[in-house]
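> pasting the structure only:
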């Protein structure tokens, strides 16, 4: 996958946009260890060519085709210092290495688009910055500039620009100047500068040298990043203002003065390309003087060393008084702790003096100048300037409230410093002091009701303001004062009008409104909604079991004690799995839906089976549980339950012989667990709704990611006390999927879909809104348990190599082809002898493997058709989706080259990503390039298909941590040898091996034979499938017999 890069070029006043994609390099072409000086500059081997960059910009993921306009004049080469690692055989980009310590800067020539400022602003604000997959196209450096461009839009919206004029050789020029006159903007400029990527600071490499061959590049120390950033912002502001003014023609009027080129200057400010204008020297001087008179006071507030700015400190009235005092003074722009009050300044009628180790220059002039500018914004300050040495002004309570809510922010946005009383400065910090409710809640006993999100709690409340409880009479007395600011316990707090009305309504209707649910408590605890009947909750305390619930849900499952394994569980739970069962049990007690979202291979199936056995052991499994899964894993679930929980009475509900109507109802009463597919839930919804389910479990819960799909709506119509979702995909990065799953688990908890889209999905996915993301995580994390294979606490519990057999059913089409092929072949085999018989058996085995893979392979069809034709392929699709979303890589082994070609086309269509395929006809060069791309390219293909013969030996593919054996060789030594392409020296992660088997066929029977004789397997079947040819016809018939129970028929 290609990645876009870019940075601002101050001297050219252009933005350089380029891209890179991994390519295999030739050491002969890029042997930078043998040259130095100017000869060391080579074309960057990974740089996108012109047509490749155009294709990427025009792709649906970006839809930025307009940026390729005027390509011939904007496509330019530039030399950039880029980090790389030089080896004896390769030039590798830094990001392809796990350890960047061995990387050094080398000069490389890249080619890219030089975008003018207006086009750069449009492009940078169009790039995806959220959590969608498209955002991965944007490199870290380009992401940085995109955030800076969004800040530029904010500056433009707030009018942070002023016109200027300066002389040049042609006469004069009229630019627009960026105005960063507030402490907030100057802090942001400094923070943005500190975060600028190093490579962006070095664009372009204008002076390059290498001390000697095989030594790092020597580059001059870059200019302060803040300077480059400011140049970028200035250019974008200038371009956007001009573009806007071009649609606003100047009004017709006579020139003010013959010597004052005002109209020429105004015209130059609004032209797009050439902001020059003619002016006489005398006219230019007069224009500069007039302009400076207007703008100089504003520009004095910009960030300069040792600068002092006017400061206003609001202090409350002394006891018994009403008026507030706004004190004047000066504050250091770079140190808010350094402050001089007006009295001190007027007491030093000198040009400068020293205070606190800092030299204060022209203090009185600075203070008066600042007060004069502030007077234009606030009338009480203007009135105080009639005094000879103004030190403060008096504000009545209403004026003080107006100053806090409105004027303070206007002053700060215009470069002044404002200091407010602590409880009034930050609305968020003041929440604990505002008028609201102090609540103490506890849960009812379980004997009273079945708990759930909407369960009502026992709670006590009292009014509070300023952290002090108040009675209704106290409240009425405060309201009677008719002042928005009141003093409570020595601190001043805001009495907001909306809070007063809310309290009055609360008391008026309190008999109907004394309700508090578990959902309310969770929202209060996570900080999303701290309101009860429009009143803020300023203090909340939970007691008893409710406190345990809140603590567990907000701090994670680590506080839970792992349960003991149920006696009926046939196996051993790993420590993290036991904690997962405890977590499921804990949420079940409270009637809360749970999403178990562990990484693939961590045992979600085992944890659910152990959980059901635990409920059964505790006498809590009183009604059947419905488990809904993809058709492809019906058989796998049946086998896993039989293996780990044989005491659970289980019914697999599928096929044309499944019970219906009254027979279905009677059958369900006899089981603990009913397993069915998503398709049948929708098709047989009427029968399923007749049952009162104790629980509903969704496996591969991403199958309901589309809430409008019929199967999604069907599962939500079923009623159950317990709801569990199992998924291996990182749902927190797929917000539509997250909402749908959460709406199944805990209906309406995240609100209606349209509300969720406006409140969370759009801000997070489109704009990268971290505040909304934080709020959403706080809401959903209590209900999602996700452990990763890379977690330290998990790795130590896992074996280095996990081998799993994936059992898949047969589609009706596969079953028909399988049975027909077996019947026809056995009749012929029965009459054959010797070499002919052995040949016929081996040919039959090949045909049956092809049928188990996919009917299209057996029938020599060029298209695979609908996914349901092969359960194996369906399951591979599902598992690869998780692999790719988790950022893992996978090898897929098959014996058949023709199937590999079909599979490659299919996977590329399904995943929208390139899939590699290596087989016998692959050239040596192609083979080496594929291996290098898979191993070294950080954005390269994540799936690699290999034929067992061509790719089973001699390759190092340790970037893969998943190995799929799609069809089986039935020789453990050969399969292990193939697996070792990933599981070998150099592998730093646990490897998961998935061996696919079609249930009810020869694949299952041979697999069972091998597993039952693991120690002797290599000797028993050491010659591959030759041993099968020695079986007599009856033995062969028993081996090949089709078990109709494994056929998936959802008609």
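That came in fine, so what should we check first? Values in this document were obtained by computation on a predicted structure and should not be read as measured data. Residues are numbered from 1 along each chain as shown.

> Need the distance between the two termini of stretch 534-554.
Using CA to CA, to the nearest Å, the end-to-end distance of stretch 534-554 comes to 24 Å.

> and the protein, what are its domains?
As given by automatic domain parsing, the domain ranges for the chain are 3-244, 308-414, 429-554, 556-795, 802-1048.

> can you redo those as JSON lines with mean neighbour count, mean pLDDT and distance to residue 288?
The C-beta positions use only the backbone N, C-alpha and C, and glycine is treated the same way. Output for the domains of the chain, formatted as JSON lines (neighbours: other CB atoms under 10 Å; pLDDT from 0 to 100; distance: least, CB to CB, whole Å):
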{"stretch": "domain 3-244", "mean neighbour count": "17", "mean pLDDT": "79", "distance to residue 288": "6"}
{"stretch": "domain 308-414", "mean neighbour count": "17", "mean pLDDT": "89", "distance to residue 288": "20"}
{"stretch": "domain 429-554", "mean neighbour count": "16", "mean pLDDT": "80", "distance to residue 288": "46"}
{"stretch": "domain 556-795", "mean neighbour count": "19", "mean pLDDT": "90", "distance to residue 288": "41"}
{"stretch": "domain 802-1048", "mean neighbour count": "18", "mean pLDDT": "86", "distance to residue 288": "53"}
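
> Distance check, residue 519 against residue 763.
23 Å (CB to CB, to the nearest Å).

> same question, residue 436
Separation of residue 436 from residue 763 (CB to CB): 27 Å.

> Same question for residue 615.
Noted for residue 615: a distance of 40 Å to residue 763, by CB to CB.

> Residue 938 now?
Distance of residue 938 to residue 763, computed by CB to CB: 29 Å.

> same question, residue 111
Taken as CB to CB, the span from residue 111 to residue 763 is 36 Å.

> Also residue 914?
Residue 914 is 32 Å from residue 763, by CB to CB.

> What ranges does the stretch 951-1051 of the chain have for its strands?
In the stretch 951-1051 of the chain, the strands defined using DSSP state E, counting those that start in this stretch lie at 962-965, 991-998, 1047-1048.

> who wins for proximity to residue 457 among the ones you listed?
With CB to CB, the closest approach to residue 457 among the strands of the stretch 951-1051 of the chain belongs to strand 991-998: 44.1 Å.

> Name the strands paired with the closest one and say parallel or antiparallel.
Here strand 991-998 has these sheet partners by DSSP bridges: strand 801-808 (parallel), strand 962-965 (parallel).

> And the contacts of that strand?
Residues outside strand 991-998 that contact it (CB atoms under 8 Å, 6 or more residues apart in numbering): 600-601, 800-810, 814, 852, 871-872, 875-876, 879, 960-968, 975, 979, 982-983, 1003-1004, 1007, 1046.

> quick one: contacts for residue 173?
With CB under 8 Å, 6+ apart as the criterion, the residues that contact residue 173 are 165, 166, 167, 268, 275, 276, 277.

> closest to residue 149 among those residues?
Closest to residue 149, out of all of the contacts of residue 173 and judged by CB to CB, is residue 275, at 21.5 Å.

> For that closest one, grab the count of nearby residues.
Per other CB atoms under 10 Å, the neighbour tally for residue 275 reads 19.

> you'd agree it is up against residue 174?
Yes - assessed by CB atoms under 8 Å, residue 275 is found in contact with residue 174 at 4.9 Å.

> Return every residue with contacts to both of the two.
268, 269.

> tell me the helices in the stretch 301-450 of the chain, going along the chain?
Secondary structure of the stretch 301-450 of the chain (DSSP state H, counting those that start in this stretch): helices at 342-346, 363-375, 379-384, 397-402, 408-413, 422-425.

> Include distance to residue 452 when you put these into JSON lines, please.
Below are the helices of the stretch 301-450 of the chain laid out as JSON lines (distance: least, CB to CB, whole Å):
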{"stretch": "helix 342-346", "distance to residue 452": "62"}
{"stretch": "helix 363-375", "distance to residue 452": "57"}
{"stretch": "helix 379-384", "distance to residue 452": "56"}
{"stretch": "helix 397-402", "distance to residue 452": "44"}
{"stretch": "helix 408-413", "distance to residue 452": "44"}
{"stretch": "helix 422-425", "distance to residue 452": "38"}
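
> who wins for proximity to residue 621 among these?
helix 422-425 (53.6 Å).

> Give me the helices and strands touching the closest one, please.
strand 491-494 (3 or more CB pairs under 8 Å, 6 or more residues apart in numbering; DSSP states H and E).

> Contact partners for residue 261?
With CB under 8 Å, 6+ apart, residue 261 has these contacts: 172, 277, 278, 279, 280, 283, 284, 287.

> show me what contacts the third one?
Read that as residue 278. Contacts of residue 278 by CB under 8 Å, 6+ apart are 171, 172, 261, 264.

> for the second one, same thing?
If a contact means CB under 8 Å, 6+ apart, then residue 277 has 171, 172, 173, 174, 261, 264, 265, 267, 268 as its contacts.

> what bridges to it?
Applying DSSP bridges, one finds that residue 277 bridges with residue 172.

> Can you check what pLDDT the model gives it?
Among the per-residue scores, residue 277 shows a pLDDT of 85.

> Make residue 1 into 17 and carry on from there
All set: I'll call the first residue 17, so the last point we hit is now residue 293.

> Helices of the stretch 817-966 of the chain, start to end?
Assigned by DSSP H, counting those that start in this stretch, the helices in the stretch 817-966 of the chain fall at 828-847, 850-869, 871-874, 887-901, 913-927, 940-952, 964-967.

> Include distance to residue 1004 when you put these into JSON lines, please.
Shown next, in JSON lines, are the helices of the stretch 817-966 of the chain (distance: least, CB to CB, whole Å):
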{"stretch": "helix 828-847", "distance to residue 1004": "39"}
{"stretch": "helix 850-869", "distance to residue 1004": "32"}
{"stretch": "helix 871-874", "distance to residue 1004": "36"}
{"stretch": "helix 887-901", "distance to residue 1004": "17"}
{"stretch": "helix 913-927", "distance to residue 1004": "25"}
{"stretch": "helix 940-952", "distance to residue 1004": "13"}
{"stretch": "helix 964-967", "distance to residue 1004": "21"}
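
> So for residue 644, which of those helices sits nearest?
The nearest among the helices of the stretch 817-966 of the chain, by CB to CB, is helix 887-901 at 14.0 Å.

> Which neighbouring elements make contact with the closest one?
Under the contact definition 3+ CB pairs under 8 Å, 6+ apart, helix 887-901 sits against strand 817-824, helix 850-869, strand 906-910, helix 913-927, strand 959-963, strand 978-981, strand 1007-1014.
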